[in-house]
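Asks: sequence first, predicted coordinates after that:
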4 protein chains.
Amino acid sequence: MRYHEKVEVHGHLMDTGVLARVLDDVLDYGGDYRVDHIDLGRSHDDESHAVITVGAETSRRLIRILMRIQVHGVNKVDAGTARCEPADRDGVFPPDFYSTTNLETVVHLDGQWVPVEHPEMDCGLVVSHGRVRTVPVTDVRAGDQIVCGVDGVKVVLPVTDHSSRVHESDTFGALPSSTQPQAVLVRAIARQIREVKAEGAQVLWVAGQTVVSTGATSALVALVEAGYVDVLFTGNALATLDIEAALYGSPLGVGPLRGGRVQRGSEQHIRAINAIRREGSIRAAVESGLLTEGIMHAMVKANKTFVLAGSVRDDGPLPDVHTDVVEAQRAMRGALRGVGYALMVASAQHSVATGNILPASIPVACVDVSPATVHALTERTSAHAVGVVADTGLFLEELATELVPDYRPARPGSGAIL
Amino acid sequence: MRYHEKVEVHGHLMDTGVLARVLDDVLDYGGDYRVDHIDLGRSHDDESHAVITVGAETSRRLIRILMRIQVHGVNKVDAGTARCEPADRDGVFPPDFYSTTNLETVVHLDGQWVPVEHPEMDCGLVVSHGRVRTVPVTDVRAGDQIVCGVDGVKVVLPVTDHSSRVHESDTFGALPSSTQPQAVLVRAIARQIREVKAEGAQVLWVAGQTVVSTGATSALVALVEAGYVDVLFTGNALATLDIEAALYGSPLGVGPLRGGRVQRGSEQHIRAINAIRREGSIRAAVESGLLTEGIMHAMVKANKTFVLAGSVRDDGPLPDVHTDVVEAQRAMRGALRGVGYALMVASAQHSVATGNILPASIPVACVDVSPATVHALTERTSAHAVGVVADTGLFLEELATELVPDYRPARPGSGAIL
Amino acid sequence: MRYHEKVEVHGHLMDTGVLARVLDDVLDYGGDYRVDHIDLGRSHDDESHAVITVGAETSRRLIRILMRIQVHGVNKVDAGTARCEPADRDGVFPPDFYSTTNLETVVHLDGQWVPVEHPEMDCGLVVSHGRVRTVPVTDVRAGDQIVCGVDGVKVVLPVTDHSSRVHESDTFGALPSSTQPQAVLVRAIARQIREVKAEGAQVLWVAGQTVVSTGATSALVALVEAGYVDVLFTGNALATLDIEAALYGSPLGVGPLRGGRVQRGSEQHIRAINAIRREGSIRAAVESGLLTEGIMHAMVKANKTFVLAGSVRDDGPLPDVHTDVVEAQRAMRGALRGVGYALMVASAQHSVATGNILPASIPVACVDVSPATVHALTERTSAHAVGVVADTGLFLEELATELVPDYRPARPGSGAIL
Amino acid sequence: MRYHEKVEVHGHLMDTGVLARVLDDVLDYGGDYRVDHIDLGRSHDDESHAVITVGAETSRRLIRILMRIQVHGVNKVDAGTARCEPADRDGVFPPDFYSTTNLETVVHLDGQWVPVEHPEMDCGLVVSHGRVRTVPVTDVRAGDQIVCGVDGVKVVLPVTDHSSRVHESDTFGALPSSTQPQAVLVRAIARQIREVKAEGAQVLWVAGQTVVSTGATSALVALVEAGYVDVLFTGNALATLDIEAALYGSPLGVGPLRGGRVQRGSEQHIRAINAIRREGSIRAAVESGLLTEGIMHAMVKANKTFVLAGSVRDDGPLPDVHTDVVEAQRAMRGALRGVGYALMVASAQHSVATGNILPASIPVACVDVSPATVHALTERTSAHAVGVVADTGLFLEELATELVPDYRPARPGSGAIL
């Protein structure tokens, strides 16, 4: 290998499998490595430290490898100083732009290490007036000074505490599965949410329409009213199903119990959307007295933020939906300020979208019936991710029971259901 | 078609799709049909009645079709009298033996309609001293008088009440899925169990090892102690996992939370089995003071019946396991007397085995995380089957909360889990 | 019930379970029914005919029921004449607009039955100069004459031929599952595609990114080059993964074999997107010589139509992506002219979106590894839907082998893979 | 920690994550560790070597930890000499028996290291006349000399070659999934099978009933006839479904295409079983001319070995079924001599049972539609396991096309299927 660079990494390298991933990635990208030094610490609590020389046949490939392994917290030993180049047109980065991770990042500019504002993965870094911020490719403008190459950029691995251990051990073979002790995990998530709220941070929910179809509307409404839902990211489907139930009623024992049949063929669905379009917005429908219950009603009444992102699958859609997905992403970014915890429930699409823009430092809990979805989300998003394979309905009812003192689940009348 | 027979069926033919299934089966078996008469009733509550002529090219095929469609409650209009032939050797039926359904069945003998004792599917009918009982092929003995052909046998479709409607409507396209209102279904099941117990009938549980690995041990123990588990069908896996936890401890936050990793590689597993083998039986281990907690301990203490059926996957196994599966089936049949309700939780293998021997008249609730498993079980087993796609852990905790007044789920200490 | 209407339905009512669904829907919507007349035909090939009186407590509810059951092909016996009202503002229908099915529909105007152009579900009907066309709610303009109520609108159930029987029988309990004879189904789909092409119609593909990650790129490219892919609906993910592999290479045995790890963390992903954004479009990248292989390259070279619909999950996205989902829906509608067959492979999102806008008369084949996805798609979309639960990679290789005479799958070098 | 022991491990510790698993297990079992020495090698091809001191509060716990981590190939630095104790009764080990792994193992007896015959996990070690063999708990007899404690037992990690890398990298987060390049994996498996046969070793198949229901009977028959199936482990279900089709016919386009509906309710199923019971065995039925086609017929004609293991779910069962599962395990062990490759297709139950008795040195390929099943099987069984998430039908057709030169899949007649 003709080109080499010495890199280093600190942290719980053994427990977390990080080192093995780094070495795998070097080989996957066509490079090679030599372990120069490794100090695992002697006891379990000690941090490890490794120095590795990475090699490649071309300089360009070497730079690509170095950028790649930064997602694992590996930095050049000799970081150097950042190089910037101007974008030559709107919406396009320079060819060798530095592509970000979602880790805390610092950039070496004029002899100073400057922290990057709002870390987000797969972005570029714009330098302006001595500050550095992430910018997605859609939002770069001609003339923006963009960090290029890998010199002068360092990332910081989050401190692994006990909380991350649950997740990381999962990645060594024990998948998230439906054989977890879900009830214990629900209570752990409840405790985390209480702690985050006690610290004054906000709780972000990302939820899919299954929340409504599993009959968890009353649980989620109770959580909204109790102040545990500060921001909601979802789409047209949840909001429409919720509003349809509020306008036309699908009492327990009728609509949902029949397996969601009412919404198929969807005459009622599109009629609910049309009714809200006539009002102009969901808030307007609440204020006019048309919409008097349900999740969206509760969010409006509690003055909480929601972002409805469009999908090509959408019927209608509701007037509040951001039909442009890049605009939706911007709206979601804008709603992240102050968020200290993200709870993703039964929505692969919106959860992945949220994971794309979340910094790694925000703890995430992912709840889905699909082990594959839970695994994909916990692996991607956060250094502090907990995955729970669970039903939406039972999960939300348990969570509401934990967090809302006087929560009582709705009960069907006798004879009505079975 | 050269051979014909007029058949008839009563019941809610439209609501339940039964008629369509009958006609499909006739075609699948190479026959043809002509609808002679149909009376759907005029309003929703009326019963329907249909008379159909079924035809086939050979007499043998026609008889096969007639046996086949009896599973849907279709009988010959002119039933005739049953014909018997002796079995010519042990363990083998005569070639044209009548193969049973699990419906209530009556046999025309000497001018009288005699009810079949303990209906069970895929058996033969043995006539002895004017009585008729089902016999599995393994248990037939040379000389037994076996009903042959389809003459003189009638089945009775269960009265469809509101309860079966949930299920049957599912079969029209709305699959059991994870988007059901699970919490509502849990409460409905709790109500059914209370009603069955109030009538003096017994509750059969069929459960898989997931009960233990999802941390639901304390919930199931509470249900046993409160008298809601009269009979338990399971296997070596649940019992061993339960006993392993009782002997070596896998407190919350250690064993199960780590994703069940402790039992992999299973040194501890086989050691627990060896310890019980040394005692001679699970009951002996309880009496000697070795086994002091867990599900199996609770069953022994409450003097309840359990049947552990062997599997080729078994480690060990425990001394109580019926390693011969035909013996296991016999033991299960023997434990069915008095059972008025069957609850199947997270065990496809034992649930299918139970469904094979249950009469259609016993209501069944199936709970599993897999929609395909729930669908397969509810379709096969019972005229009164309810399927719930749900996590074992959350389901059992909800059920215990409903049924056991002072049940409180175990709580992890702070800091221990995440 | 105070309000009544006599309705009728023709077709294979028994085989298909349609009648049971109609009656269920009437009850679900709070109405009641009386079967006035039913003629099932006497033999299997005869059509059935039923006349039913439907009742409800309010006139409005009765109209809702009548609209609802039209999705099953049920029309009023006395159809009456259509009533139109002008839309009072852009993007909103009148409150009692007629909501369409995707069946062939005729509207009674001025004594004539006028066929609806391009049937599409969940739309309104705009009448203009004696013609009637569907319009989605987003595209209605103030002043448009919109059909309101259910009078004067009839739908026509597709003639059920042998092909639909496979599907309809599935809905009676035998789910699409991984235990189908997939190879047989692949050959049946190949035969249908050849027939459709022979009739001069176009074949629409809806595909997800799994096509690339399962190594089926060469199979799909062969199918494009052989003329079996006229239109492609997909998203940013497939196109980016395909282009990333073309630009940076993920030869067999490296990228995909390692389980798709290369695209995680996605530095290379975003770099590929940036490179195409720099060119301005995928076509421009082909013409400039930057993009020289892969699926998108083959589509451009063959001058075929593709529509890339945006998703809030998208990285980048590529410049060809319709970031506005309503615009994407319009582009998809525009590309449907001439399409006579739709093949949906491994993309729930785009497949549902396509199903939303397809007329019921176009045959659909859905291929996915998830039985639930296959079931949902085949039930919704078409009167002639076939579902196959199958791997994308093996399915496409089999299909290419069937349709492209000289297709040879790529072979890895020895030693490279395992 | 009061009790300590120095242990060591050789191999590709980084690539494979072994070291992290060892340290996790020590903590899970309540111990602690100190890394005394680690040599990772400098380049990718070098082997690593680690020396670790493991501690625990009690001597018993320390021994348990040492046994546990032997599954990862970790041995005491100072092995000592094995200690034996006689079993005091049949079917029970001494309390502190050494519980085996499935790795190659040597035992220090009288100054010599003696290799263990037929390594198998979760067994005891019996010493007799200077030889050591594994014995399952069911087969131990009073007086047998059993190795106790962990002294004097060493295991040998298999040499990790390129083949194992695919699997091990999977365990770092990239799950086996339906997004693999299945066609490539099929060809790799074909190559392995040819190599194994060329070396004179036998190929073991473990298969489930899905082989028949997916229409892969002709593919598997072709593979049997071509000599690629030396041993078959399966159960009553596959054999019965296969024989039922042979006796009563389920031609393409009828039985399987209708989604396997014919076997439901199973009158024909039990009749096929009865017919074979009348003959006495499957071989007798072939010889009498009753059974003339299908998989079981091909196995008998080719004089190959099959073991049918009983399950409590079984109907009948067939006379060849080992109804006692411990006998079935013994029969399977007996059939393993000469086996050099194991292919597990669509049968979680029999595959787990086989994995339980296979030595780690035999390469295993697992093919199943369920990612969770594939993961569980590849993780448990072998040091050389490859997992493929694939349809049974398409997989077997591809494999037959690869291995059997003149194999042509059965083709349906026109019009018959769709």
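Replies: Looks like it arrived, so ask away.
Asks: so where's the stretch 101-250 of chain A uncertain?
Replies: Applying pLDDT under 70 to the predicted model, the residue ranges of the stretch 101-250 of chain A that meet it are A:159-180, A:250.
Asks: show me what A:Gln145 is bridged to.
Replies: Judged by DSSP bridges, the bridge partners of A:Gln145 are A:Pro86, A:Val127.
Asks: what sits against it?
Replies: Residues in contact with A:Gln145 (Cβ atoms under 8 Å, 6 or more residues apart in numbering or on different chains) are A:84-86, A:126-128. The C-beta positions use only the backbone N, C-alpha and C, and glycine is treated the same way.
Asks: again, 6 Å this time
Replies: By Cβ atoms under 6 Å, 6 or more residues apart in numbering or on different chains, the contact set of A:Gln145 is A:84, A:86, A:127.
Asks: the second one contacts A:Ala142, correct?
Replies: Think A:Pro86. No: shown here, A:Pro86 and A:Ala142 do not form a contact pair, counting by Cβ atoms under 6 Å, at 7.6 Å.
Asks: before we move on, back to that, for ChimeraX, write the select line for the buried members of the contacts of A:Gln145.
Replies: Command for ChimeraX that selects the buried part of the contacts of A:Gln145, burial taken from 16 or more other Cβ atoms under 10 Å in any protein chain shown:
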select /A:84,127
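Asks: adding distance to A:Val18, write the contacts of A:Gln145 out as a markdown table.
Replies: Putting the contacts of A:Gln145 into a markdown table (distance: Cβ to Cβ, whole Å) gives the following:
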| residue | distance to A:Val18 |
| --- | --- |
| A:Cys84 | 30 |
| A:Pro86 | 35 |
| A:Val127 | 29 |
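Asks: list just the nearest of the contacts of A:Gln145 to chain C.
Replies: Closest approach between these and chain C, by Cβ to the nearest Cβ: A:Pro86, at 14.3 Å.
Asks: what segments of the stretch 1-150 of chain A are strands?
Replies: Read by DSSP state E, counting those that start in this stretch, the stretch 1-150 of chain A holds these strands, from start to end of the chain: A:3-11, A:32-39, A:48-56, A:75-76, A:83-86, A:104-109, A:112-117, A:124-128, A:131-135, A:145-148.
Asks: please identify which helix or strand holds A:Lys197.
Replies: With elements delineated by DSSP states H and E, A:Lys197 resides in helix A:182-198, which encompasses its position.
Asks: can you point out the buried residues in that helix?
Replies: For helix A:182-198, burial by neighbour count (16+ other Cβ under 10 Å) applies to A:182-193, A:196-197.
Asks: domain assignment for chain A?
Replies: Residue ranges for the domains of chain A, per automatic domain parsing: A:1-78, A:79-158, A:168-403.
Asks: and the residue nearest the centre of chain A?
Replies: The central residue of chain A, meaning the one whose C-alpha is nearest the mean C-alpha position (Cα atoms, centre = their mean), is A:Gly355 at 2.6 Å.
Asks: is that residue in a helix, a strand, or coil?
Replies: Reduced to three states with DSSP: H, G, I helix; E, B strand; the rest coil, the structure at A:Gly355 is helix.
Asks: just checking, A:Lys154 touches A:Lys76?
Replies: No: distance between A:Lys154 and A:Lys76: 7.9 Å, which falls outside the contact criterion (Cβ under 6 Å).
Asks: can I get the helix holding A:Lys197 in PDB? Just the C-alpha atoms.
Replies: Coordinates of each C-alpha in helix A:182-198 appear next as PDB, following Å, rounded to 0.1, in the frame of the first residue of the first chain:
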ATOM      1  CA  GLN A 182     -41.100  -6.000  27.500                       C
ATOM      2  CA  ALA A 183     -42.800  -5.000  30.600                       C
ATOM      3  CA  VAL A 184     -39.400  -4.200  32.200                       C
ATOM      4  CA  LEU A 185     -38.300  -2.200  29.200                       C
ATOM      5  CA  VAL A 186     -41.500  -0.200  29.200                       C
ATOM      6  CA  ARG A 187     -40.900   0.800  32.800                       C
ATOM      7  CA  ALA A 188     -37.300   1.700  32.000                       C
ATOM      8  CA  ILE A 189     -38.400   3.900  29.200                       C
ATOM      9  CA  ALA A 190     -41.000   5.600  31.500                       C
ATOM     10  CA  ARG A 191     -38.200   6.300  33.900                       C
ATOM     11  CA  GLN A 192     -36.000   7.800  31.200                       C
ATOM     12  CA  ILE A 193     -38.800  10.000  30.000                       C
ATOM     13  CA  ARG A 194     -39.500  11.300  33.500                       C
ATOM     14  CA  GLU A 195     -35.800  12.100  33.900                       C
ATOM     15  CA  VAL A 196     -35.600  13.900  30.600                       C
ATOM     16  CA  LYS A 197     -38.700  16.000  31.500                       C
ATOM     17  CA  ALA A 198     -37.200  16.700  34.900                       C
END
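Asks: elements contacting it?
Replies: helix A:392-403, helix B:392-403 (3 or more Cβ pairs under 6 Å, 6 or more residues apart in numbering or on different chains; DSSP states H and E).
Asks: what's the angle from it to helix B:392-403?
Replies: Using axes from the mean of the first three to the mean of the last three Cα atoms, to 10 degrees, the interaxial angle of helix A:182-198 with respect to helix B:392-403 works out to 90 degrees.
Asks: return the most buried member of the domains of chain A.
Replies: The densest packing among the domains of chain A, expressed as mean neighbour count by mean count of other Cβ atoms under 10 Å in any protein chain shown, is seen in domain A:168-403 with a mean of 22.
Asks: distance between that domain and the chain's centre?
Replies: What separates the centre of domain A:168-403 from the centre of its chain is 13 Å, taken as Cα atoms, centre = their mean, to the nearest Å.
Asks: near chain C, which residues of the stretch 101-250 of chain A show up?
Replies: Proximity of the stretch 101-250 of chain A to chain C (Cβ under 6 Å from any Cβ of the partner chain) is limited to residues A:122, A:137.
Asks: mind running it again at 10 Å?
Replies: By the rule Cβ under 10 Å from any Cβ of the partner chain, the part of the stretch 101-250 of chain A lying against chain C is A:101-102, A:121-124, A:136-138, A:140, A:233, A:235-236, A:248-250.
Asks: so which of the residues you listed is the closest to chain C?
Replies: Of all those, the one with the least separation from chain C (Cβ to the nearest Cβ) is A:Asp122, at 4.5 Å.
Asks: is it true that the closest one touches C:Arg313?
Replies: No: between A:Asp122 and C:Arg313 there is no contact, the gap being 11.7 Å when judged by Cβ atoms under 10 Å.
Asks: mutual contacts of the two, please.
Replies: Taking Cβ atoms under 10 Å, 6 or more residues apart in numbering or on different chains as the contact definition, A:Asp122 and C:Arg313 share the neighbouring residues A:Asn356.
Asks: hmm, back to that, roughly how far does the residue nearest to the centre of chain A sit from A:Val211?
Replies: In this view, A:Gly355 and A:Val211 are 19 Å apart by Cβ to Cβ, to the nearest Å.
Asks: then A:Val51?
Replies: When Cβ to Cβ is the yardstick, A:Val51 and A:Val211 sit 49 Å from each other.
Asks: grab the nearest non-local neighbour of A:Glu225.
Replies: With Cβ to Cβ, 6 or more residues apart in numbering or on different chains as the measure, A:Ala298 is the residue that lies nearest to A:Glu225, at 6.0 Å, once sequence neighbours are left out.
Asks: err, A:Gln329, not the other one
Replies: In space, and not counting its chain neighbours, A:Gln329 is closest to C:Val312: 6.3 Å by Cβ to Cβ, 6+ apart.
Asks: quick check: the one you found vs B:Pro359, distance?
Replies: Counting by Cβ to Cβ, the separation of C:Val312 from B:Pro359 is 52 Å.
Asks: now swap in A:Met67 and tell me
Replies: From A:Met67 to B:Pro359 the distance is 67 Å (Cβ to Cβ).
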